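S.K.: build the 3D model from these lines:
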Amino acid sequence: MIQLHDVDLKLLRVFATIVKSGGFSAAQAALNSGQSTISEQMAQLEARLGVKLCQRGRSGFRLTEQGVAVHEATLRLLSAVESFCLDTDVLKQQISGRLNLGIIDSTITDPGSPIPQTAQRFVSRGHDVHLNVYIGSPAELEERVLDGRLHLAVGHFPIHVSGLCYSLLYREASGLFCGRRHPLHGSRAKGDELLRQIGSSRIAVRGYMQNDELDLLKVEKAAATVDNIEALAILIISGAYLGFLPMHFAEQWVKTGNMRQLAETQIRLMAPFDVITRRGVTPPPILSAFIEDLSACSLG
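M.R.: Now for the predicted structure:
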């Protein structure tokens, strides 16, 4: 059995960074090391483990079968080490360490989001913490909270997954929009006629929200599916599709005339924003403190 030492943990962190970056060259900035140093560290790790972890060359960087298994084990190990460090802070009665937060995309323009105020309140406490923020799709965020890579995440989660706790923060208003090139942009149709024209148009949806969006429009099938809001905005601006966007996100294009909201009084979607954490796990002090500030900022 291999006995792990500090140098092994360092080499495993280098390996994890290389895989995350997609290769030796791409990892240089993240590791603040030259390619020759990184190559030497990888050679040391492979010699220590007795397996070939990756192949690189003209065909690009890729993991071997053993490399995939070692990478998965490395992520579990580093997560466990981090959890150990957080747990020992309980004994020291102080809040310190790394907090990994996940957020759904395109919330920067949302005045209802408590995240900016929470971050300011959290760091103003003077905690010795490092805040790591990951932006991803709802499915990615749920997966990362479940496997421990994220301590918590905030976003839309229409289908609740066992093993996670979901707590409502607030609701985000979305409307139906068309681009300037779409026939409905200049249409004067109203009421039932407008709804009929909407129903016969191509509809683009967010994959994780498609049931709610299609049901609201009484449309059976989407013409395009995306996994983030920016991609949806691109399709709407093209003039080929209609789609739901958060009101705060679409406002910038409505002001310039590049988008128009349709059936404002008839079609509106209020989507819940939840915070998710792992069920059945005692939260470390750093997570409890952040959740406390998040709750306070959500209320006011």
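
S.K.: any idea how far residue 33 is from residue 40?
M.R.: 9 Å (C-beta to C-beta, to the nearest Å). For every residue, glycine as well, the C-beta is placed using N, CA and C.

S.K.: which of those two has more neighbours?
M.R.: Under the criterion of other C-beta atoms under 10 Å, the comparison of residue 40 against residue 33 puts residue 33 first, with 17 against 12.

S.K.: in three-state terms, how would that one be classified?
M.R.: coil (DSSP: H, G, I helix; E, B strand; the rest coil).

S.K.: output the below-cut-off pLDDT ranges for the stretch 1-150 of the chain.
M.R.: Residues of the stretch 1-150 of the chain meeting the criterion pLDDT under 70: 1-7, 84-95, 126-127.

S.K.: before we move on, what about the stretch 151-300 of the chain?
M.R.: Scanning the stretch 151-300 of the chain for pLDDT under 70 picks out the ranges 299-300.

S.K.: in it, what residue spans correspond to strands?
M.R.: In the stretch 151-300 of the chain, the strands defined using DSSP state E, counting those that start in this stretch lie at 152-155, 164-179, 203-206, 224-226, 242-246, 259-262, 268-278.

S.K.: export these as a markdown table, with columns for mean neighbour count and distance to residue 115.
M.R.: What follows is the strands of the stretch 151-300 of the chain, written out as a markdown table (neighbours: other C-beta atoms under 10 Å; distance: least, C-beta to C-beta, whole Å):
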| stretch | mean neighbour count | distance to residue 115 |
| --- | --- | --- |
| strand 152-155 | 24 | 6 |
| strand 164-179 | 18 | 9 |
| strand 203-206 | 24 | 20 |
| strand 224-226 | 17 | 22 |
| strand 242-246 | 24 | 14 |
| strand 259-262 | 20 | 25 |
| strand 268-278 | 18 | 10 |
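
S.K.: redo these as CSV? Include distance to residue 117.
M.R.: Shown next, in CSV, are the strands of the stretch 151-300 of the chain (distance: least, C-beta to C-beta, whole Å):
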stretch, distance to residue 117
strand 152-155, 13
strand 164-179, 12
strand 203-206, 26
strand 224-226, 29
strand 242-246, 18
strand 259-262, 28
strand 268-278, 14
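
S.K.: please save the CA atoms from stretch 191-199 in PDB.
M.R.: The C-alpha trace of stretch 191-199 is given here as PDB (Å, rounded to 0.1, in the frame of the first residue of the first chain):
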ATOM      1  CA  GLY A 191     -54.900  39.100 -27.100                       C
ATOM      2  CA  ASP A 192     -55.800  35.800 -28.500                       C
ATOM      3  CA  GLU A 193     -54.400  36.600 -32.000                       C
ATOM      4  CA  LEU A 194     -51.000  37.400 -30.400                       C
ATOM      5  CA  LEU A 195     -51.100  34.200 -28.400                       C
ATOM      6  CA  ARG A 196     -51.900  32.300 -31.600                       C
ATOM      7  CA  GLN A 197     -48.900  33.800 -33.400                       C
ATOM      8  CA  ILE A 198     -46.700  33.000 -30.500                       C
ATOM      9  CA  GLY A 199     -47.900  29.400 -30.500                       C
END
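
S.K.: domain ranges for the protein?
M.R.: Using automatic domain parsing, the domain parsing of the chain gives 6-80, 86-170+273-299, 172-270.

S.K.: now the last one, how far from the chain's geometric center?
M.R.: Looking back up the chat, that one is domain 172-270. For domain 172-270, the gap between its own C-alpha mean and the chain's C-alpha mean amounts to 23 Å (C-alpha atoms, centre = their mean, to the nearest Å).

S.K.: buried ones in stretch 144-163?
M.R.: 144-146, 148-157 (16 or more other C-beta atoms under 10 Å).

S.K.: and the strands in the stretch 1-150 of the chain?
M.R.: 54-55, 62-63, 96-103, 128-135.

S.K.: give me whichever of those is most buried.
M.R.: Sort those by mean neighbour count, taking mean count of other C-beta atoms under 10 Å, and strand 96-103 sits at the top with a mean of 20.
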